[in-house]
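S.K.: curious how this folds, go ahead:
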Amino acid sequence: MPKLFVIILTVTFAGCAASSIQTSGQLTGPNQTYSLRVSQGDWLVAYATGDFDTVLKATMPAGQNLENDDYAGETNQSLIIGESAGSGTATLEVSGYDNARGRFEINAHALGGGSALLERDDNLTAEVGDSSDARFIDRFNISVVSGDYVMTQLSGSDFDMVMRARAPGDKDYEADDPEQIFFEAVDDGPVQIDVTSYNANETGRYNIATMIARDAQTVRELPLNLPTGQTQSVDYTVGEAGAYLVRVESSDFDTILKLRNNSTGEEIENDDYGEGYNSLAIIEAAAGVTLSIAVRPYDSSTGGAYTVTVLQARLLKPAAANVAGELSAGDERDVARYEKWYDLEVPGSGILIAELNAPDFDPMLRARVSNLGFENDDYMEDRHRSILAVPVRAAGKVRLGVTSYAERTTGSYRLEARFFPLANPPQIAPNWGSDG
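M.R.: Numbering: from 1, shown residues only. As a prediction, the model looks like this:
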């Protein structure tokens, strides 16, 4: 992410502090500090990202200490959200985990005033999931052994599809756009694959295709370096007919892989597989066929070292999860977790702060704006509180969803949402059910 060290808005100058910071630079020492002017009741939203594992800390005027290392599991991104209990100067500090160094960006704002869009005391009840607003669901079951690589995907155009998978070891995966899940099994046992819809009461036809690559053996490993923002392609000609896995791994950037069989024209693209930010694809190829392996970064301002590993495996296509199906009103209702949604209208670009407090259960707060999804489970390790900062680019609808961490949980909660106009909101990365 090479950028000039340019301060876009005044950060610290002659002992004064601004109420916004937007800057990029190079961390060469233990930390870089900034001052931000805040008033009592202001919301601080600070977001840092870099080509290293960033750590972001804030000390508020009343002595509150806020810290975040890995936002949404992404080591290079850090996010702080907090309401100031006093007025004065907040100190922000950018550092690197384990003394890491590199280029970074920080975007921080003290948000005061704003407009209340929602203040609601409500209840999460079983009726929410069982009501006419519920989603229908089809279930498919397969068996895996430890070390299996699983790829399952949906196709169809009748409705907005969502798929989920629960694998041995209580590993849960979800995919919305695109509807494909890749993971490596960590234990023997059953995998439950669920097909449902994004919107309530949707029905229609779909196809589910599932492949298991078993007994994978490495046939080639290539250490490479990706120039910032570029796409890099390498070819691999297979020796024997069979199933081939291509895995792309990097600690420098979030990889996207496009794998193409140059003989059949089949293409498979994957951003993240499993629980990380690496990429994986499985494809069949005849002897002598060339596979084209194209790698690019999710964030066009990043790049760096990565490794391409090609593995050959025995391919299984379980009949139970390779079918043409139909989601219908007679199917089981999806009530694993009850949920309730609220539609809000925002007047323009800015940041929406949503806060959920639930004394009776462990809540999860979700937001969707356009094609981007955001989620928070425990705010500052408080299992009864969730807070989101949602960047909004233009006037339109934002959907807020309340659900629970544990299945079939009910209880009372309070949900509040406030909107703060901002011409250039920080580009906080989506972390739930997004296609962007």
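
S.K.: so what's the nearest residue to Gly348 once chain neighbours are set aside up against?
M.R.: Spatial nearest neighbour of Gly348, excluding adjacent residues (Cβ to Cβ, 6 or more residues apart in numbering): Ala395 at 4.9 Å. C-beta: built from backbone N, CA, C; applies to glycine. Counting by Cβ atoms under 8 Å, 6 or more residues apart in numbering, Ala395 touches Glu345, Val346, Pro347, Gly348, Ser349.

S.K.: quick check, pLDDT for the nearest residue to the first one once chain neighbours are set aside.
M.R.: What sits nearest to Glu345 in space, not counting adjacent residues and going by Cβ to Cβ, 6+ apart, is Lys397, at 6.1 Å. The predicted local confidence for Lys397 comes out at a pLDDT of 94.

S.K.: how many neighbours does Lys397 have?
M.R.: 12 (other Cβ atoms under 10 Å).

S.K.: adjust the sequence numbering to begin at 20 for everything that follows.
M.R.: Fine by me, first position is 20 from now on; the one you just mentioned is Lys416.

S.K.: my guess is it meets Leu363, correct?
M.R.: Yes. Assessed by Cβ atoms under 8 Å, Lys416 is found in contact with Leu363 at 7.0 Å.

S.K.: give the next helix or strand downstream of the strand ranked longest in the chain.
M.R.: If you go by DSSP state E, the chain has its longest strand at strand 223-245. Counting by DSSP states H and E, the next helix or strand C-terminal to strand 223-245 is strand 251-256.

S.K.: list phi and psi for the residue nearest to Glu364.
M.R.: phi -100, psi 140 (degrees, to the nearest 10).

S.K.: any idea how far it is from Phe393?
M.R.: Remark: distance between Lys416 and Phe393 (Cβ to Cβ, to the nearest Å) = 14 Å.

S.K.: now do Phe380
M.R.: In terms of Cβ to Cβ, Phe380 sits 20 Å off from Phe393.

S.K.: do the same with Ser174
M.R.: For Ser174, the distance to Phe393 - Cβ to Cβ - is 27 Å.

S.K.: so for Asp290, what's the pLDDT?
M.R.: 86.

S.K.: and the gap between the residue nearest to it when sequence neighbours are not counted and Asn297?
M.R.: The spatial neighbour of Asp290 that comes closest, neighbours along the chain excluded (Cβ to Cβ, 6+ apart), is Ile275 at 5.0 Å. Note on Ile275: its distance to Asn297, by Cβ to Cβ, is 10 Å.

S.K.: Gly258 too?
M.R.: 25 Å.

S.K.: so for the two, which residue has more residues nearby?
M.R.: Under the criterion of other Cβ under 10 Å, the comparison of Gly258 against Asn297 puts Asn297 first, with 21 against 10.

S.K.: which one is that one nearest to, not counting chain neighbours?
M.R.: Nearest to Asn297 is Glu268, by Cβ to Cβ, 6+ apart, at 4.5 Å.

S.K.: need the contact list for the one you found.
M.R.: With Cβ under 8 Å, 6+ apart, Glu268 has these contacts: Thr274, Asn297, Tyr325, Thr326, Thr328.

S.K.: for the closest residue to Met230 other than its chain neighbours, name its beta-bridge partners.
M.R.: Nearest residue to Met230, sequence neighbours excluded (Cβ to Cβ, 6+ apart): Met170, at 4.9 Å. Here Met170 sits in beta bridges with Phe201, Met230, going by DSSP bridges.

S.K.: list the contacts for Met170?
M.R.: Gln199, Ile200, Phe201, Thr229, Met230, Ala232, Ile287, Leu299, Ala300, Ile301.

S.K.: just the buried residues out of these, in PyMOL syntax.
M.R.: Here is the PyMOL command that selects only those of the contacts of Met170 that count as buried (16 or more other Cβ atoms under 10 Å):
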select buried, resi 199+200+201+229+230+232+287+299+300+301
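
S.K.: Gly166: which of the contacts of Met170 is nearest?
M.R.: Ala232 (9.5 Å; Cβ to Cβ).

S.K.: can you pull the contacts of that closest one?
M.R.: Asp167, Tyr168, Val169, Met170, Ala262, Leu264, Ile301, Leu330, Ala332, Arg333, Leu334, Leu335.

S.K.: okay, now the first one: neighbour count?
M.R.: Applying other Cβ under 10 Å, we find 24 other residues in the vicinity of Asp167.

S.K.: look at it and report its pLDDT.
M.R.: Taking Asp167 on its own, its pLDDT is 95.

S.K.: how about it, what does it touch?
M.R.: Per Cβ under 8 Å, 6+ apart, neighbours of Asp167: Glu203, Ala204, Ile231, Ala232, Arg233.

S.K.: hey, where'd the strands end up in the stretch 320-455 of the chain?
M.R.: Here the stretch 320-455 of the chain has its strands, by DSSP state E, counting those that start in this stretch, at 323-335, 342-346, 351-352, 359-365, 369-376, 382-388, 391-395, 404-411, 415-423, 430-440.

S.K.: partner strands of the fifth one, with direction?
M.R.: This points to strand 369-376. strand 404-411 (antiparallel), strand 430-440 (antiparallel).

S.K.: quick check: mean pLDDT of stretch 230-238?
M.R.: For stretch 230-238, the per-residue pLDDT averages 94.

S.K.: which positions in that stretch come out as buried?
M.R.: Applying 16+ other Cβ under 10 Å to stretch 230-238 flags Met230, Ile231, Ala232, Arg233, Ala235 as buried.

S.K.: of the contacts of Ala232, which is the nearest to Pro444?
M.R.: Closest to Pro444, out of all of the contacts of Ala232 and judged by Cβ to Cβ, is Met170, at 35.7 Å.

S.K.: next one: the closest one from Ala300, what distance?
M.R.: Taking Cβ to Cβ, one finds Met170 at 7 Å from Ala300.

S.K.: helices of the protein, residue ranges please.
M.R.: 145-149 (DSSP state H).

S.K.: so where is it shaky, pLDDT-wise?
M.R.: 20-37, 91-93, 146-153, 293-294, 353-355, 452-455 (pLDDT under 70).

S.K.: care to break it down by domain?
M.R.: The record's domain split for the chain, according to automatic domain parsing, is 31-130, 134-146+354-440, 154-232+338-351, 234-332.

S.K.: among those domains, which is nearest Pro449?
M.R.: Across these, closest to Pro449 is domain 134-146+354-440 (Cβ to Cβ), at 4.2 Å.

S.K.: start and end of that closest one, how far apart?
M.R.: 9 Å (Cα to Cα, to the nearest Å).
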